[in-house]
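Q: only the shape, not the letters, is given here:
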């Protein structure tokens with residue numbers, strides 16, 4: 001297997017974990033993002049995925065055998081999500097076509113494949129859980145489907161293989177990320193500790209009481225790279241979660257313990273984080289200044305809207321990953337340890353006190 005990779009979205013939660021794992025395994029890694037950051041072992045590529053000409057110039061001379069697509073952009077409507085995110089995938093693959101080097105493309109999407117897009121999230125007729133890859137698409141427009149279709153069309157044209165990876169909510173470290181529950185909860189817990197406010201579960205009774213699972217970004221990285229080198233995984237879609245299940249009524253107390261605070265038990269009243277944290281930007285700025293933290297802008301750390309969407313679901317969500325297990329993928333990550341590992345990294349990097 002030629003071990004030269006292009007990671008698209010290399011500074012995000014998913015892309016940074018994939019890039020780091022590839023570097024650790026000895027790959028040559030090019031990391032594409034609009035604003036590259038210092039990532040050990042990663043060769044930075046700066047480009048706007050919506051600028052085809054600029055993207056082609058940025059990728060000229062780069063000939064990856066493997067492409068890992070982890071980038072997306074949230075737009076006001078699903079129609080715009082489809083137009084913009086489909087174009088981003090298409091532009092990358094078009095820019096790489098002249099080199100003729102691509103052998104495998106991995107696309108990371110998520111459980112909205114089964115739950116529906118933001119405009120109809122968790123609504124209507126949904127497949128039964130645990131979600132399985134053979135349940136297919138919902139009868140509703142979804143930018144994940146548009147991204148898949150761009151990969152499938154390019155694969156048919158260029159002859160490369162592909163894999164699709166569908167994580168549940170991802171736990172990982174990144175700044176300025178639109179979907180970042182782990183850091184959002186870390187910031188929220190820090191604000192509660194520093195101000196004396198109660199640490200209140202923001203979601204629904206179903207999520208508090210029901211079973212769920214999550215995906216550590218490192219677990220996602222392991223599966224994505226496994227699929228890139230496994231012939232039986234060619235042209236297959238895979239769910240990817242940590243391998244354990246839990247109830248938030250247990251995990252909420254575990255997270256509180258990590259910050260030395262008491263967790264309130266859920267009383268049946270949803271209290272969305274968007275409401276709880278709507279006036280917290282100056283509070284966080286003061287905390288950051290007092291502790292010498294590297295980021296005082298709350299909007300670059302917390303994504304309350306996305307955490308509310310996940311924790312407010314009206315259905316229990318668990319994910320089956322038997323397909324990759326049958327093919328030999330054996331990765332596992334305890335979810336409570338994923339949270340505490342993340343909190344330790346955030347403290348080490350002076351993102352939280």
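A: Okay, I see it. Please read all numbers here as calculations on a predicted model, not as lab measurements.
Q: residues in contact with the most centrally placed residue in the chain?
A: With distances taken as C-alpha atoms, centre = their mean, residue 170 lies nearest the centre of the chain, 4.5 Å away. The neighbourhood of residue 170, defined by C-beta atoms under 8 Å, 6 or more residues apart in numbering, consists of 13, 14, 110, 179, 181, 214, 215, 216, 217, 220. Just so you know, the C-beta spots here come from the backbone N, C-alpha and C atoms, and that holds for glycine as well.
Q: export the residues you listed to CSV and tack on neighbour count, distance to residue 116 and pLDDT?
A: Conversion of these to CSV gives the following (neighbours: other C-beta atoms under 10 Å; distance: C-beta to C-beta, whole Å; pLDDT from 0 to 100):
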residue, neighbour count, distance to residue 116, pLDDT
13, 27, 22, 94
14, 29, 21, 96
110, 20, 11, 96
179, 20, 16, 75
181, 25, 19, 94
214, 25, 19, 98
215, 30, 19, 98
216, 28, 24, 98
217, 27, 24, 97
220, 29, 21, 98
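Q: kindly reformat those residues as CSV containing secondary structure and distance to residue 332.
A: Formatted as CSV, the contacts of residue 170 follow (DSSP: H, G, I helix; E, B strand; the rest coil; distance: C-beta to C-beta, whole Å):
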residue, secondary structure, distance to residue 332
13, helix, 19
14, helix, 18
110, coil, 20
179, coil, 23
181, helix, 20
214, coil, 13
215, strand, 12
216, strand, 10
217, helix, 15
220, helix, 13
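Q: tell me which of those is nearest to residue 252?
A: Closest to residue 252 out of the contacts of residue 170 is residue 181 (12.5 Å), distances taken as C-beta to C-beta.
Q: how about that closest one, what does it touch?
A: Applying C-beta under 8 Å, 6+ apart to residue 181 gives the contacts 169, 170, 171, 214, 303, 306, 307, 310.
Q: what does residue 294 give?
A: Going by C-beta under 8 Å, 6+ apart, residue 294 touches 349, 350, 351.
Q: tell me, how many residues neighbour the first one?
A: In other words, residue 349. The local packing of residue 349 (other C-beta atoms under 10 Å) involves 13 other residues.
Q: next: the second one.
A: By the measure other C-beta under 10 Å, the count of residues near residue 350 is 13.
Q: next, give phi and psi for it.
A: Dihedral pair for residue 350: phi 60, psi 40, per degrees, to the nearest 10.
Q: helices along the stretch 1-150 of the chain, start to end?
A: Assigned by DSSP state H, counting those that start in this stretch, the stretch 1-150 of the chain shows helices spanning 13-24, 52-59, 78-96, 112-115, 143-158.
Q: which residues in the protein form strands?
A: Assigned by DSSP state E, the strands in the chain fall at 4-8, 28-33, 42-46, 66-69, 104-108, 161-167, 170-171, 211-212, 215-216, 236-240, 246-247.
Q: and the third one, what does it pack against?
A: It refers to strand 42-46. Helices and strands touching strand 42-46, as assessed by 3 or more C-beta pairs under 8 Å, 6 or more residues apart in numbering; DSSP states H and E, comprise strand 28-33, helix 52-59.
Q: any idea what the residue nearest to the centre of the chain is bridged to?
A: Residue 170 has these beta-bridge partners by DSSP bridges: residue 215.
Q: for residue 79, see how far away residue 140 is.
A: Residue 140 is 12 Å from residue 79, where distance means C-beta to C-beta, to the nearest Å.
Q: what is the burial count for residue 201?
A: Residues near residue 201, counting by other C-beta under 10 Å, number 22.
Q: quick revisit: from the contacts of residue 181, which two are the most distant?
A: Counting by C-beta to C-beta, the most remote pair of the contacts of residue 181 is 214 and 303, 15.0 Å apart.
Q: show me where pLDDT drops low in this protein?
A: For the chain, the stretches flagged by pLDDT under 70 are 1, 122-124, 178.
Q: for residue 11, which non-adjacent residue is closest in space?
A: residue 33 (4.5 Å; C-beta to C-beta, 6 or more residues apart in numbering).
Q: same check on residue 204?
A: residue 312 (5.0 Å).
Q: correct me, but residue 167 touches residue 222?
A: No: here residue 167 lies out of contact with residue 222, judged by C-beta atoms under 8 Å, at a distance of 11.7 Å.
Q: look at the two and report which has more neighbours.
A: Ranked by neighbour count (other C-beta under 10 Å), residue 167 and residue 222 place residue 167 first, with 28 against 20.
Q: ok, the closest residue to that one other than its chain neighbours - contacts?
A: Excluding the flanking residues, the one nearest residue 167 by C-beta to C-beta, 6+ apart is residue 215, at 3.7 Å. Contacts of residue 215 were listed using C-beta under 8 Å, 6+ apart, and they are 167, 168, 169, 170, 171, 240, 241, 242.
Q: the second one contacts residue 313, correct?
A: I take that to be residue 168. No: between residue 168 and residue 313 there is no contact under C-beta under 8 Å: 11.2 Å.
Q: between these two, which is the more surrounded one?
A: residue 168 (23 against 18).
Q: hang on, the earlier thing: can you redo the helices and strands packed on strand 42-46 as CSV with mean neighbour count and distance to residue 280?
A: Below are the helices and strands packed on strand 42-46 laid out as CSV (neighbours: other C-beta atoms under 10 Å; distance: least, C-beta to C-beta, whole Å):
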stretch, mean neighbour count, distance to residue 280
strand 28-33, 25, 28
helix 52-59, 16, 37
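Q: turn the ones you listed into a markdown table, including distance to residue 248.
A: As requested, the helices and strands packed on strand 42-46 are exported to a markdown table (distance: least, C-beta to C-beta, whole Å):
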| stretch | distance to residue 248 |
| --- | --- |
| strand 28-33 | 32 |
| helix 52-59 | 41 |
